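Visitor: Pasting the sequence and the predicted coordinates here, then a few questions.
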Amino acid sequence: MKELWSKRWKKLLIWVCGYLSIVAYAIVGGYTIVKCDDRELKETSKRAFVVVLIFTALEALSLLFSAINSVGGGMSGFLSVYHLIVVIGKIVVFACFAILSFFEGKDESEAEKRSEKAPPTEKTAGGASAEEGGAQAELNDAPEQTE
């Protein structure tokens, strides 16, 4: 049975959920880390978890600076620049990781198509294909070289 989502799209979904919301990532990434058997999806989910934590910490600092500014710190110029840098950085980092994970490796559907197109090889009595058997026979017939 063919899966509805390929591994590429699952990786992309993990990164998109990490960008959109920490709650969405907690559901998708947490499920992937706990329940998924695929090593690549677990690695992608763990990598996204680290990036989500970094940007959560940066946004927490933004809230702290905002609280200081509301008390009368006079940091509105710094706060607006800091927030702009964090938002642009988040967009760039998540987009780069999503694109890299989407195009990383080969998709299962492509591998299945290639395996279907490959002609089956004939097996010899020993279990090796005809090509392997011929090469093995040539090696066995070759004279031994002694020093």
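Guide: Looks like it arrived, so ask away.

Visitor: Could I get the phi/psi values of Ala74?
Guide: Actually, residue 74 is Gly rather than Ala. phi 70, psi 40 (degrees, to the nearest 10).

Visitor: Ile33 too?
Guide: Dihedral pair for Ile33: phi -70, psi -40, per degrees, to the nearest 10.

Visitor: Spit out the contact partners of the residue nearest to it when sequence neighbours are not counted.
Guide: Nearest residue to Ile33, sequence neighbours excluded (Cβ to Cβ, 6 or more residues apart in numbering): Ser45, at 5.1 Å. (Each C-beta comes from the backbone N, C-alpha and C, glycine too.) By Cβ atoms under 8 Å, 6 or more residues apart in numbering, Ser45 lies in contact with Ile14, Val28, Gly29, Thr32, Ile33, Cys36.

Visitor: can you tell me the average pLDDT over the lengthiest helix in the chain?
Guide: Using DSSP state H, we find that the single longest helix of the chain is helix 39-68. For helix 39-68, mean pLDDT is 93.

Visitor: Going by neighbour count, list what's buried in it.
Guide: By 16 or more other Cβ atoms under 10 Å, the buried positions in helix 39-68 come out as 41-42, 44-45, 47-49, 51-52, 55, 58, 62, 65.

Visitor: need the residues you listed in TSV with distance to Gly72, can you?
Guide: Shown next, in TSV, are the buried residues of helix 39-68 (distance: Cβ to Cβ, whole Å):
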residue	distance to Gly72
Leu41	49
Lys42	48
Thr44	45
Ser45	43
Arg47	41
Ala48	38
Phe49	37
Val51	34
Val52	33
Phe55	28
Leu58	24
Ser62	18
Phe65	13
